[in-house]
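Participant: Model the structure of this input:
(2 chains)
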2 protein chains.
Amino acid sequence: MDVQEDQTIAEGYKLKLNSYDLGVDIELADAIQRIRFEHPEVGVVVVTSLKPRIFCAGANIYMLGTSSHAFKVNFCKFTNETRCAIEDDSRNSGRRYLAALNGTASGGGYELAIACDEIYLVDDGKSAVSLPEVPLLGVLPGTGGLTRLVDKRKVRRDRADVFSTLAEGLKGKRATEWGLIDDSFPTSKFQEAIDARVKEITQTDGSPGNGGVKLNALTDESTADTREYKYIRLKLDREKRYADLTVRGPESDLPTSPEEIQKLGDSYWPLRAFRELDDVLLHLRVNEPGIGLVCLRTEGSIDNVLGVDRTLAANRDHWLIREIILQMARVLRRLDLTAKSFFAIIERGSCFAGSLLELALSADRTYMLNDPDQTIEIATSELNAGALPMSNGLMRLQSRFLAEPDKVDEVLAHKGSFDTEAADKAGLITFAPDDLDWEDEIRLAIEERTSLSPDALTGMEASLRFAGPETMDTKIFGRLTAWQNWIFQRPNAVGPQGSLTNYGKPTQAQFDYTMT
Amino acid sequence: MDVQEDQTIAEGYKLKLNSYDLGVDIELADAIQRIRFEHPEVGVVVVTSLKPRIFCAGANIYMLGTSSHAFKVNFCKFTNETRCAIEDDSRNSGRRYLAALNGTASGGGYELAIACDEIYLVDDGKSAVSLPEVPLLGVLPGTGGLTRLVDKRKVRRDRADVFSTLAEGLKGKRATEWGLIDDSFPTSKFQEAIDARVKEITQTDGSPGNGGVKLNALTDESTADTREYKYIRLKLDREKRYADLTVRGPESDLPTSPEEIQKLGDSYWPLRAFRELDDVLLHLRVNEPGIGLVCLRTEGSIDNVLGVDRTLAANRDHWLIREIILQMARVLRRLDLTAKSFFAIIERGSCFAGSLLELALSADRTYMLNDPDQTIEIATSELNAGALPMSNGLMRLQSRFLAEPDKVDEVLAHKGSFDTEAADKAGLITFAPDDLDWEDEIRLAIEERTSLSPDALTGMEASLRFAGPETMDTKIFGRLTAWQNWIFQRPNAVGPQGSLTNYGKPTQAQFDYTMT
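Facilitator: Numbering: from 1, shown residues only, chains lettered A, B, ... in the order given. Here you go, the predicted structure:
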């Protein structure tokens, strides 16, 4: 157990971290998710540690020094997505996160702290906050550290420069003065001060107390080349380096009131299907590095999807429905941020409508069959109108129609579904091959895509997917991650004389000082 | 001669490119700069080529395949700065740039075209625009191509995806439909159509016709470790990997009317000093890769700098003064974007005031001597209040005080100069060591900085210098460049089987398809 949960404090919820490494990140992501669904009455989450000097990047350093580039990149991305989930909870569900640093928080530990709303540090003459990556490791605090420092906490840039090159970091008084933490308290008063702050918050922010919904573990059946969930099917073609990912639409008889939905619990389609989608995306990222292209497909009834969307949109002020929609939005953002190519394939029996239309709008390209004998359709719903924002804060429709913003309203105002020709005319799809060309065109598109350099595709997709405004999230994923990626590859980090290679060894890193 | 200049067309100015490689970029940057100062009457610049199929990245590919990583990165940065200078001219001086593509424009050639305001392509059945970097070379159109495609021309993201993976590109009709060009014309009508468009623009945009100012070549005297211009002195300590860069302030008797200034020409201090600063920055980037830290110093009279700033601010509507201020702004942005650490050192005899205070505000840190026996001072001027914006569109003071925006007005409203303690209190400097500690503190700061990993510092500085809003420019330099950097390092590009290594050889690139 890396994360111990403790609900004994009044109204609050404590997450006590036992170390800080990948295990913690997975458990932390899980704990935050469960707090949101299972404990909606919790108004404040205190992130603290079981023993002092816990919040450090120690475990990660060895991981970074020894694991593959692909694993490092995926790990950093997941870690940052977890931090974004904390901020999403704070921004959209009103839960406050307090980092109660009862010891030194360095590296990833301090990066986790600055994802919280407030940071308090024990003032014991030795505890400090620090980002020692640059001075000790020759890499960056690249999972949000640098960006959150200047963009979220707005630390003055020259002070951020000093802080980020100071291995030992800064202690209470100066850390507060520079805006790195919110306050510090002596050891004897620390617990009292945190408790008082928790009480203060929970008195002002009333939270619903009507019980939660248990999130059960997902189950899937896997073979060598398939992975089958209740609503998701993954089929891998490893030789051709692509996968078919099919999402099954909802049943027709789903409840329409929040009370019935709460009773149905985690088997309610949008909660279950998007949790499964999340799981399969993480699986593809970490366990299937050779798969370069994912074809997104759907199966089911457009009317049923639109029915669920209507229920969600009508009840979005109910805590559970709000959490379900926020969860769907997070999973779709995980899809946008996945370093694989995505093609949406729209054909007979598909149900790319409303929330599932977002899959097609997330895709790098969309192919829609133009069949003279059978109408193929897609449709929008209220959920396409801002409920499921991208990391840049825009609807996917807005990102698509940056040049023609009026088209967003036109598409949303369109009555009924779009057949292939209407979808093409509206700009919702990329290609509309007819029945005769369909098979060949899809096959060729897959072959062509998977023949290209995966690195070039990753950089190209990261650039083309996020046009328009930038947010702290896109800056972290698009800018900081890219710099971190670059540095992780450099001989100064991973060469025989590199900083990561030599960390913790009696030998010293030897840098090539040719600046670029 | 790679760029041929031709002023024979009515009111317009033609830049005919003879090839597209580094030589072109240097001449192009020079030509644009000279048009602005020497030909203020020119209202439109037509960028075209001496022979068809000229606008291609061919020459660059071999350069990218064979030169060092440091050179590639510097080349790409310079190239993009030149494109930003075109856009700066268009935005702030009202000159229109037309790309008249009389043949295929691919790669860097098309990237140059999308830096122009309008793009016209000949429709001869074979000419096309294309970004073949991903499909042909396994790297990115990384000097602005991808970002300008979706952020400037706002090409729909799925179409941008198709276009950027299509080696042969797109021809007239579809290229226009997708927004990649503005129009196409048959060969027989091409020249006529361009001439008509030039006429149309020059009739609406009246330009001043009062003659220009000749930009003479800069002269400097160099030894092995120094470089001495009229207003700039560079002193290198290669062993310690740092340089002192000193800017000398203006004389006291400079003219105060635009007419006298125009008569004085390119020896007027702000024009000459900032052109020399530009030159020395490029020299440091390309020829001194081993220098990691530059200490920025100034020498002269604060009153004289403030006098020049007053003249510039009072006459900013005059074309020449406007061009001088815009040039200063571009040079300061070049400083912000230089991948070296900068410390500003403020001591006796320095003149960090107004435009030269921007040097201190650009620096990663600022050290200001606190001398009980002699007051050291800095001062603001009207030029600090928005005339010299960073790439993110903010004043440097705004970037500094993101957390306390009121401080910007406070600092600008402050009467008189700031002594060391006032500067410290106002948040304008980082450290204020006293006379006893000064020498040691600067020496230690230099030693410490130059001991860190240069890669980590580059990534850190790129992240901390540009907090706050993002613009197309910061996206290109911060996000796209970082991805390009990463891809340039990967075995899939530069390894023995890599795409750059094998381009143009009978052998084929072999990719490692493990996606990250």
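
Participant: what sits against whichever residue of the stretch 301-450 of chain A sits closest to chain B?
Facilitator: Relative to chain B, the nearest point of the stretch 301-450 of chain A is residue A:403 (3.5 Å; Cβ to the nearest Cβ). (Each C-beta comes from the backbone N, C-alpha and C, glycine too.) Shown in contact with residue A:403 (Cβ atoms under 8 Å, 6 or more residues apart in numbering or on different chains): B:153-156, B:179.

Participant: filter those down to the ones close to chain A.
Facilitator: Subset of these in contact with chain A: B:153-156, B:179, counting by Cβ under 8 Å from any Cβ of the partner chain.

Participant: right, and the pair among the residues you listed with maximum separation?
Facilitator: The span of those, defined through Cβ to Cβ, is set by B:153 and B:156 at 10.2 Å.

Participant: re the thing from before, wait, which of the ones next to chain A among the contacts of residue A:403 is closest to residue B:398?
Facilitator: Closest to residue B:398 out of those is residue B:154 (27.1 Å), distances taken as Cβ to Cβ.

Participant: which residues in the stretch 401-516 of chain A form helices?
Facilitator: Secondary structure of the stretch 401-516 of chain A, counting by DSSP state H, counting those that start in this stretch: helices at A:406-413, A:420-426, A:435-451, A:454-464, A:472-474, A:481-489, A:491-494, A:499-502.

Participant: Which one, of those helices, ends up nearest to residue B:414?
Facilitator: The closest of those to residue B:414 is helix A:472-474. By Cβ to Cβ, the value is 31.6 Å.

Participant: for the record, mean pLDDT for that closest one?
Facilitator: Summarised as a single mean, pLDDT over helix A:472-474 is 88.

Participant: Show residues contacting it.
Facilitator: By Cβ under 8 Å, 6+ apart, the list of residues contacting helix A:472-474 from outside reads A:84, A:147-148, A:151-152, A:391-392, A:466.

Participant: helix/strand/coil for the residue nearest to residue A:447 when sequence neighbours are not counted?
Facilitator: Spatial nearest neighbour of residue A:447, excluding adjacent residues (Cβ to Cβ, 6 or more residues apart in numbering or on different chains): residue A:240 at 7.4 Å. Secondary structure, DSSP: H, G, I helix; E, B strand; the rest coil: residue A:240 is coil.

Participant: Was I right to think residue A:240 contacts residue A:450?
Facilitator: Yes - the criterion here is Cβ atoms under 8 Å, and residue A:240 meets it with residue A:450 at 6.4 Å.

Participant: Looking at the two, which one has more neighbours?
Facilitator: More neighbours surround residue A:450 than the other of residue A:240 and residue A:450, with 20 against 14 (other Cβ atoms under 10 Å in any protein chain shown).

Participant: Residue A:26 versus the closest residue to chain B within the stretch 201-350 of chain A, what's the distance?
Facilitator: Residue nearest to chain B within the stretch 201-350 of chain A: residue A:289 (4.4 Å; Cβ to the nearest Cβ). Separation of residue A:289 from residue A:26 (Cβ to Cβ, to the nearest Å) stands at 18 Å.

Participant: quick one: furthest residue from the center of chain A?
Facilitator: Farthest-out residue of chain A from its mean C-alpha position, per Cα atoms, centre = their mean: residue A:373, at 41.1 Å.

Participant: Any figure for the gap between that one and residue A:344?
Facilitator: Applying Cβ to Cβ, the value for residue A:373 to residue A:344 is 22 Å.

Participant: same deal with residue A:493?
Facilitator: Applying Cβ to Cβ, the value for residue A:493 to residue A:344 is 37 Å.

Participant: quick revisit: show me the ones next to chain A among the contacts of residue A:403 that map onto strands.
Facilitator: Taking DSSP state E, every one of those sits outside strands.

Participant: Tell me, how many residues neighbour residue A:82?
Facilitator: Neighbourhood size, residue A:82 [other Cβ under 10 Å]: 21.

Participant: and it, backbone torsions?
Facilitator: When read as degrees, to the nearest 10, the backbone of residue A:82 gives phi -60, psi -40.

Participant: OK, contacts around it?
Facilitator: Residue A:82 makes contact with A:25, A:28-29, A:32, according to Cβ under 8 Å, 6+ apart.

Participant: model confidence over stretch A:46-55, on average?
Facilitator: The average pLDDT for stretch A:46-55 rounds to 66.

Participant: Next, the buried residues of whatever helix or strand residue A:26 lives in.
Facilitator: Secondary structure assignment for residue A:26, by DSSP states H and E: helix A:22-38. Across helix A:22-38, burial judged by 16 or more other Cβ atoms under 10 Å in any protein chain shown covers A:22, A:24-29, A:31-33, A:35-38.

Participant: do stretch A:389-400 as well
Facilitator: Judged by neighbour count (16+ other Cβ under 10 Å), stretch A:389-400 contains these buried residues: A:389-392, A:394-400.

Participant: cool, and stretch A:136-155?
Facilitator: Buried, per 16+ other Cβ under 10 Å, within stretch A:136-155: A:136-151, A:153-155.

Participant: Intersect the residues you listed with the contacts of chain B.
Facilitator: Counting by Cβ under 8 Å from any Cβ, the members of the buried residues of stretch A:136-155 near chain B are A:137-140, A:142, A:146-147, A:149-151, A:153-155.

Participant: Narrow the residues you listed to those in helices?
Facilitator: Among these, the members found in helices (DSSP state H) are A:146-147.

Participant: out of the ones next to chain B among the buried residues of stretch A:136-155, what pair is the most spread apart?
Facilitator: The distance between the two most remote of those (Cβ to Cβ) is 26.8 Å, for A:138 and A:154.

Participant: still on that earlier bit, could you pull up the contacting residues of the residue nearest to residue A:447?
Facilitator: Contact analysis of residue A:240 by Cβ under 8 Å, 6+ apart lists A:446-447, A:450.
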